[in-house]
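> everything below, folded, please.
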Amino acid sequence: MEEVREERKEKTGARHPAHQATLFLEGRLGEEGFHSPRLPRGLRAAVAGYALSQPEEHRGEGVFTLWPRTDEEGRLTEVQVALKLKRPMEGPELVVHGILLHADGRRFVVLVQPKSGEAFRLVLGRARGFTAFLEPRKAYRFEGALRGGRLLAERAFPLGKWVLARKGGRPLPEPIEGDRNPHLEGRRGKEPAPGEAKPKERPEEAQRPAPPEPESPPEPPGRKAPPPRKGPRRDPARVWRAPEEEEAPGGLGLPPPLPKGQVMGLVGEGPYYLVLRPEALALWWPKVERLLPEFPRRHEVRWYPDGSRAVVAWDLEALKVWYKRVLRG
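A predicted model of the protein is given here:
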């Protein structure tokens, strides 16, 4: 029974590897907080993990691991400082393990499910030149960097194959980068890598005579034969076309849903939304618009195709206090 349990644990670990989203940046952690020249000005940097439970060991200058969060447009909205590295960083600046929900020509929407804590969505932009097709609803390891306040994916690996390689069971899988995805299964034939020789023919196949070509039927009298076709004939069965990318999930263009029967209220788990359905705009939006200049924190106003509007903020307490002022008029 113990052996069976161990096998189940190994299989479960291989099927569901731990998800993460980690950004490695140089900076300084002090009593006043965390500062890094790479982070956008005014960005909220909270302290978490070992940096919170063991502050004395992680203060000072160095390279820190940060847990990033983004908004729906891919901009970095918050980071949580986890710990300071004891050794110099080796590897990519950004690592994200998660399930790809949606991919288009400019971004990836990734669902990250950590071992502890709630799952969240992270939006990664495509780095210049990274145009390879990735299949939604599959787990990937993304590697990239922070550029201009946005997280950019520069290449990817199938997460399951990458985890097996790290455990020593298989060689490291080929990266998905540029316009090439070597892991597309059933979509095109496997091509030899650059510099790799094509497989040799078997001797019995080389000795086997080629099948005779079928004789063309005789032309009827009085009809001229068509002119010979120029150039090699293309076999339509061997022409590969890039698969069409799936459409974005229907909820990406809408605000978070309100409870049934409610037309205005606070929703979201970070960032936080004050959502107004079209039915509430005539009565409440003038009050919201009048008090917006008095909102003390960073915020955005968003319009949606269904007519809804939302005020988006990253400070829940400030949004609650300001919302009470709106309700009081």
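
> is G117 in a helix, a strand, or coil?
Each residue gets one of three states, and G117 gets coil by DSSP: H, G, I helix; E, B strand; the rest coil.

> next: A282.
Assignment for A282 (three-state DSSP): helix.

> neighbours around it, how many?
The local packing of A282 (other C-beta atoms under 10 Å) involves 8 other residues. Bear in mind the C-beta positions are built from the backbone N, C-alpha and C, glycine included.

> can you pull the pLDDT of it?
The predicted local distance difference test score for A282 is 87.

> distance of it from E57?
Here the distance between A282 and E57 works out to 57 Å (C-beta to C-beta, to the nearest Å).

> got it, and V79?
If you measure V79 against E57 using C-beta to C-beta, the figure is 20 Å.

> cool, E177 as well?
Using C-beta to C-beta, one gets 37 Å for the distance from E177 to E57.

> over to A165?
As judged by C-beta to C-beta, A165 and E57 stand 32 Å apart.

> now K167
With distances taken as C-beta to C-beta, K167 is found 30 Å from E57.

> also V311?
On the measure of C-beta to C-beta, V311 and E57 end up 40 Å apart.

> the more surrounded of those two?
For V311 and E57, the more surrounded residue by other C-beta under 10 Å is V311, and the numbers stand at 23 against 12.

> L85: neighbour count?
Counted with other C-beta under 10 Å, the neighbours of L85 add up to 14.

> grab the nearest non-local neighbour of it.
V63 (4.8 Å; C-beta to C-beta, 6 or more residues apart in numbering).

> wait, a helix at P256?
No: secondary structure of P256, determined by three-state DSSP: coil, with no helix assignment.

> sorry, back to before: where's whichever helix or strand the residue nearest to L85 is part of relative to the chain centroid, distance-wise?
In the assignment (DSSP states H and E), V63 maps to strand 60-70. The chain centroid and the centroid of strand 60-70 are separated by 19 Å under C-alpha atoms, centre = their mean, to the nearest Å.

> do stretch 28-37 as well
That offset, for stretch 28-37, works out to 28 Å (C-alpha atoms, centre = their mean).
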